[in-house]
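Enquirer: Predicted structure and sequence below. I'll ask about it afterward.
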Amino acid sequence: MAILGELREEEEEILPRKDYESLDYDRCINEPFVEVLEGLDNKKAKKYEAIRWILVFAIGVTVGLVGLFVDFFVRLFTSIKFSLVGHSVEECSEKGCLALSLLELLAFNLSFVFIASMLVLIEPVAAGSGIPEIKSYLNGVKIPGIVRLRTFLCKAVGVLFTVAGGMLVGKEGPMIHSGAIVGAGLPQFQSITFKKIHFDFPYFRSDRDKRDFVSAGAAAGVAAAFGAPIGGTLFSLEEGSSFWNQALTWKVLFCSMSATFTLNFFRSGINFNKWGSFQIPGLLNFGEFKCAEGDKQCHLWTVVDLAFFVLMGVVGGLLGALFNCINKQLAKYRMKHIHPKAKFVRVLESLLVTMVTTVVVFVSSMTLGECRNLNPPSHQNGSTLLGGAEDINSTVRSFFCPNNTYNDMATLFFNPQEAAIHQLFHQSGTFSPVTLSVFFLLYFLLACWTYGTSVPSGLFVPSLLCGAAFGRLVANLLNINFGMNVYSGTYALIGAASFLGGVVRMTISLTVILIESTNEITYGLPIMITLMVAKWTGDFFNHGLYDIHIVLRGVPLLEWETEVEMDKLTASDIMEPNLTYVYPHTRVQSLVSILRTTAYHAFPVVTENRPNERDFMKGNILISNNIHYKKANILTRAGEQRRRCQSMKSYPSSELRNVCDEQEAAETASAAAASGPPSEEGEDMLQQMLDRRYVPYPNLYPDQSPSEEWTMEERFRPLTFHGLVLRSQLVTLLLRGVCYAENQSSATQPRLSHAVMTEDYPRYPDIHDLDLALLHPRMIVVFNLFRTMGLRHLPVVNAVGEIVGIITRHNLTHEFLQAKLRQHSITI
């Protein structure tokens, strides 16, 4: 348990990062959006919905074509590689030049993996399977670059070279990421990577619409990978989307069906030359499980087998927990010792893993295999077609074996992974227990080392193949040592499910995916029981691998529910009391200072609550409306203004001047010149600004400027909360010149339409990229709320509406709550 478990000290090493931005759960309700709603009628609403359905269908078709592209080139490259190297092995086995065959295989694999690694250098987010990132995105976290077109190109092209390069990875996980990118980008009709791709399409420019399309794209990726449209829909619901609505379910299922049958149509036509037939549903098809005709002793599974399935689930959960623990330590080592170095070091690591894997595969296939008798082909014993016109026996390898026999180790190692899975599921010939044990051990270690390298890589197929070897080993032991008559293919399938479930900890969606992939509903009960037991066993030691990598990245992911002990905490315990706020009428120089010196994505809009000045000091505690706060954490005008002014020292005054009121700025400069010589460097900038009677900071009460002689009531004057304004909205207002001069009425302030406000979505300009000198001259119960309402920011106010703090996603993460709970216990 100490080996598999997660130590508390290790968990505290990685805390959620605060540079991740949350996504909006719903559309921002503001005046420009209200104007759009007022102009919306039933005809426009139906048009809007029709366009949405058309785009969902287009996403599904596109994802199916992407899967066709990846599958076609993977098959092309692997067939060329294995045919040339296999022919060389057959010739060199007699001439004694196997080293030359090994060099040929190394040349192929290293070349392919080098191309994949270079693509990841172009876009680092393309590394891995992408499922942790997409899961985080659908949970409400915006990860930079995760759904960009450049990421899509590097992912789709990189994964086919990675798989063809012989690394122990799959292409199914990257298909999910690729589908999500298609869902995010296709409805936008524009690209940041390629500037010329920009069409005037004003629809779906909000986080809510984009997240719905990403959910559909991710589900389509699962459907295309496994031929499982229902499983893809459940995957998007179970593993991804935190916010789900009923109308979205039907659209996601329709998108998944479109992807499945698009891929099925083209693959069936290409492989069988029968266009219009649908015979190959997905990239990974398990084939049909069926006993040989006339064998009355054969059965797929019985009630007695359920007991063994439960035990296999326990073992699969333990093996999955061990896999996750080792991979986590490797990931931490990469973060500390490889990622900080030059980027080319990551390429060297990928090439090293490829070289070791190739040597192990080649040497094991040549030396560790046993010659087994090859049974005649029979389509009635489950020897189904391998996604084409090939028989199950066409992929066996007979290296160093006589006729009518095959090398069992070479058959598993010297084949594409999908063909090896078919061998374990449907090969009526036997595999040696020693061969299966050695294969499982080598594959387990190599797959664990491979996942996390800087190449596009999936985890589903390696886990299925590793688990299938484990299940086939159990079946061999029961048949040979215990004299039982069990169906080996069923045990291989259950072993694959148990190991995959122990690694990723998926239940509902994985059950349906496996049932749809086998096309055998009778496997529903054993698969479900096995996955549940594997998940419970693995959860006793650590989290699923995707969740582990999410934590390692510091993503503030919100789980479905919190621990019971967290109910002891209140909103005031977890809120952030030190706020950066703005007033309804704020100077441009103040806004620019706030935006450039903070990383917050939202700011409370407040006014001073003068009628409710009932605060007083008692010792070191400020008591306000029966709510106690420490004096150091109280939000004060003086402290906030002093901090803002001090932060302005690092920016030129020319950038922070009030560009909307040049005349007032000139008067201010004259008054400053008449006041005397420049102050010394150590003098507080706050006092310099406060000496200007008509330049208050912020501009709310021009007749009363802040002063060092404030009384305690003035310093801790309460603030009334009115709403939130987003950083993107402030930057847009500054960029568009939406302001007014102090000597004019606010009625002269320009108004922006909703289309203009969302024109730069989803990547708004950065405040540091704005040239202010060129601007227009006129420019002046908490966890459940977040989880069910999809909140992004939650202001905390007292009984009279005075704002006392704000809660963000980071204040609700497990690590933050644990720290606050320990503080709460110490205080009690």
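Expert: It's in.

Enquirer: Spatially central, which residue of the chain would that be?
Expert: Glu133 (1.4 Å; CA atoms, centre = their mean).

Enquirer: Name the nearest residue to it, sequence neighbours excluded.
Expert: Ile146 (4.8 Å; CB to CB, 6 or more residues apart in numbering). Every C-beta, even on glycine, is put in place using the N, C-alpha and C of the backbone.

Enquirer: How many residues are close by that neighbour?
Expert: Other residues lying near Ile146 total 20 when counted by other CB atoms under 10 Å.

Enquirer: Local confidence estimate at it?
Expert: The per-residue pLDDT reported for Ile146 equals 87.

Enquirer: Report the contact partners of it.
Expert: Residues near Ile146 by CB atoms under 8 Å, 6 or more residues apart in numbering: Val125, Gly130, Glu133, Ile134, Tyr137, Ile181.

Enquirer: could I get the residues you listed as CSV with distance to Ile807?
Expert: Below are the contacts of Ile146 laid out as CSV (distance: CB to CB, whole Å):
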residue, distance to Ile807
Val125, 29
Gly130, 30
Glu133, 25
Ile134, 26
Tyr137, 21
Ile181, 31
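
Enquirer: Could you dump those into CSV and include secondary structure?
Expert: Shown next, in CSV, are the contacts of Ile146 (DSSP: H, G, I helix; E, B strand; the rest coil):
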residue, secondary structure
Val125, helix
Gly130, coil
Glu133, helix
Ile134, helix
Tyr137, helix
Ile181, helix
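
Enquirer: just those residues now: which is nearest Ser488?
Expert: Of all the contacts of Ile146, Ser488 sits closest to Gly130, with 34.1 Å by CB to CB.

Enquirer: Surely that closest one and His177 touch.
Expert: Yes. Contact criterion CB atoms under 8 Å: Gly130 and His177 qualify, at 2.7 Å.

Enquirer: residues shared between the contacts of the two?
Expert: Joint contacts of Gly130 and His177 (CB under 8 Å, 6+ apart) are Lys155.

Enquirer: circling back to that earlier point, pretty sure the residue nearest to the centre of the chain sits against Lys142.
Expert: No. The criterion here is CB under 8 Å, and Glu133 misses it with Lys142 at 10.7 Å.

Enquirer: Show the pLDDT at Leu656.
Expert: pLDDT, Leu656: 38.

Enquirer: what's the answer for Glu90, then?
Expert: With respect to pLDDT, Glu90 has a value of 78.

Enquirer: Same check on Glu713?
Expert: We have a pLDDT of 49 for Glu713.

Enquirer: Over to Thr262?
Expert: 90.

Enquirer: what do you get for the one 3 residues further on?
Expert: In the predicted model, Phe265 carries a pLDDT score of 87.

Enquirer: these two touch, right, it and Trp275?
Expert: Yes. Phe265 is within contact range of Trp275, at 7.5 Å (criterion: CB under 8 Å).

Enquirer: where in the stretch 151-300 of the chain is pLDDT low?
Expert: The stretch 151-300 of the chain contains residues with pLDDT under 70 at 190-202, 240-244, 276, 292-296.

Enquirer: so where do the helices sit in it?
Expert: For the stretch 151-300 of the chain, the helices defined by DSSP state H, counting those that start in this stretch cover 172-185, 207-226, 229-235, 246-272.

Enquirer: Make a markdown table from these and add mean neighbour count to it.
Expert: Shown next, in a markdown table, are the helices of the stretch 151-300 of the chain (neighbours: other CB atoms under 10 Å):
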| stretch | mean neighbour count |
| --- | --- |
| helix 172-185 | 30 |
| helix 207-226 | 30 |
| helix 229-235 | 27 |
| helix 246-272 | 21 |
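
Enquirer: circling back: among the contacts of Ile146, which one lies nearest to Leu84?
Expert: Gly130 (31.7 Å).

Enquirer: gap between the closest one and Val797?
Expert: 40 Å (CB to CB, to the nearest Å).

Enquirer: Those two: which is more packed in?
Expert: For the pair Gly130 and Val797, the greater number of neighbours falls to Gly130 (30 against 17), based on other CB under 10 Å.

Enquirer: for the more buried one, what are its contacts?
Expert: Applying CB under 8 Å, 6+ apart, the residues contacting Gly130 are Ile146, Lys155, Gly173, Pro174, Ile176, His177, Ser178, Ala180, Pro456.

Enquirer: Tabulate the residues you listed (TSV), appending distance to Thr260.
Expert: Output for these, formatted as TSV (distance: CB to CB, whole Å):
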residue	distance to Thr260
Ile146	25
Lys155	20
Gly173	17
Pro174	18
Ile176	14
His177	18
Ser178	15
Ala180	17
Pro456	22
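
Enquirer: which among the residues you listed gets closest to Cys325?
Expert: Gly173 (20.3 Å).

Enquirer: can I assume that closest one is in contact with Phe460?
Expert: Yes. Under the criterion of CB under 8 Å, Gly173 makes contact with Phe460 at 5.9 Å.

Enquirer: Which of the three states applies to Ile807?
Expert: With three-state DSSP as the basis, Ile807 sits in strand.

Enquirer: Could you tell me how many residues sit around it?
Expert: 21.

Enquirer: Isn't it up against His793?
Expert: Yes. Assessed by CB under 8 Å, Ile807 is found in contact with His793 at 7.3 Å.

Enquirer: Show the end-to-end separation of stretch 397-408, please.
Expert: End-to-end span of stretch 397-408 (CA to CA, to the nearest Å): 7 Å.

Enquirer: quick one: contacts of it?
Expert: 86, 89-90, 93, 365-366, 369-374, 396, 410-411, 414-415, 429-432, 435.

Enquirer: Next, the angle helix 207-226 makes with the longest helix seen in the chain.
Expert: Looking across the chain with DSSP state H, the single longest helix is helix 42-95. Counting by axes from the mean of the first three to the mean of the last three CA atoms, to 10 degrees, helix 42-95 lies at 30 degrees to helix 207-226.

Enquirer: Packing partners of the helix or strand following helix 42-95?
Expert: The C-terminal neighbour of helix 42-95 among helices and strands, as given by DSSP states H and E, is helix 98-122. Contacts defined by 3 or more CB pairs under 8 Å, 6 or more residues apart in numbering; DSSP states H and E place helix 98-122 against helix 42-95, helix 149-164, helix 344-367.

Enquirer: how deep is the residue nearest to Leu98 when sequence neighbours are not counted tucked in, by neighbour count?
Expert: Nearest in space to Leu98, with sequence neighbours left out and distances taken as CB to CB, 6+ apart, is Cys92 at 4.9 Å. Neighbour count for Cys92, taken as other CB under 10 Å: 16.
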